[in-house]
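S.K.: Sequence and predicted model, in that order:
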Amino acid sequence: MTGCLMAGAMMLALAEGSSFTLEWTHSVEREQWRETWEVTEDRRLHLTEAAVKGSGAGMEPGAGGHFENGWWVWAPDLPPVPTLSLAASGKTPSAWTVCAKECTELGASPRQPVQLAPCPDAG
């Protein structure tokens, strides 16, 4: 299984289990949003959990959502994807924070979107 994640030209080491979190502040509601992703055996990205600190425009908890430690938490039922495209406008209230073994901020200044993808198979 893949042990790293490509973030644009940067390689990020993944913690054991090949999962990472992605956090940001919602551009309209100014509330925190957090997603937990895993890298699948076939090198795709699967969203396993989503959480928001509040609710509002575009921030409604998904089906089965429950309130836990100040967050609305749920498990989205979505298929894995090959990549994630993170906007990098520089105009949002926060950068994207990707946490694997360590946390890294992406997209804080204006530029092309940052692509997140599992590292290519070294095999």
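M.R.: Looks like it came in fine. Numbers count the residues shown, from 1 in each chain.

S.K.: who does the most centrally placed residue in the chain bridge with?
M.R.: The centroid of the chain falls nearest to Leu22 when counting by C-alpha atoms, centre = their mean (2.9 Å). Beta-bridge partners recorded for Leu22 (DSSP bridges): Glu35, Val98.

S.K.: likewise Ala13?
M.R.: The partner residues for Ala13, given DSSP bridges, come to Cys4.

S.K.: From Ser94, how far out is it?
M.R.: Per C-beta to C-beta, to the nearest Å, Ala13 is found 23 Å from Ser94. C-beta here means a position set from N, CA and C on the backbone, and glycine is covered the same way.

S.K.: pLDDT below threshold where in the protein?
M.R.: Along the chain, segments meeting pLDDT under 70 span 1-2, 15-17, 26-30, 55-59, 89-93, 122-123.

S.K.: cutoff 50 now
M.R.: 1-2, 123 (pLDDT under 50).

S.K.: quick one, strands of this protein?
M.R.: Along the chain, the segments classed as strands by DSSP state E run 4-7, 10-13, 19-25, 32-39, 45-52, 66-68, 71-74, 84-86, 96-99, 103-106, 114-118.

S.K.: count of neighbours near Val98?
M.R.: Number of residues near Val98 (other C-beta atoms under 10 Å) recorded here: 25.

S.K.: between Ala13 and Ser94, which one's more packed in?
M.R.: Between Ala13 and Ser94, counting by other C-beta under 10 Å, Ser94 is the more crowded of the two (16 against 12).

S.K.: I'd like to know how many residues surround the closest residue to that one other than its chain neighbours.
M.R.: For Ser94, ignoring the flanking residues on the chain, the nearest one in space by C-beta to C-beta, 6 or more residues apart in numbering is Thr25 at 3.9 Å. By other C-beta under 10 Å, 16 other residues sit near Thr25.
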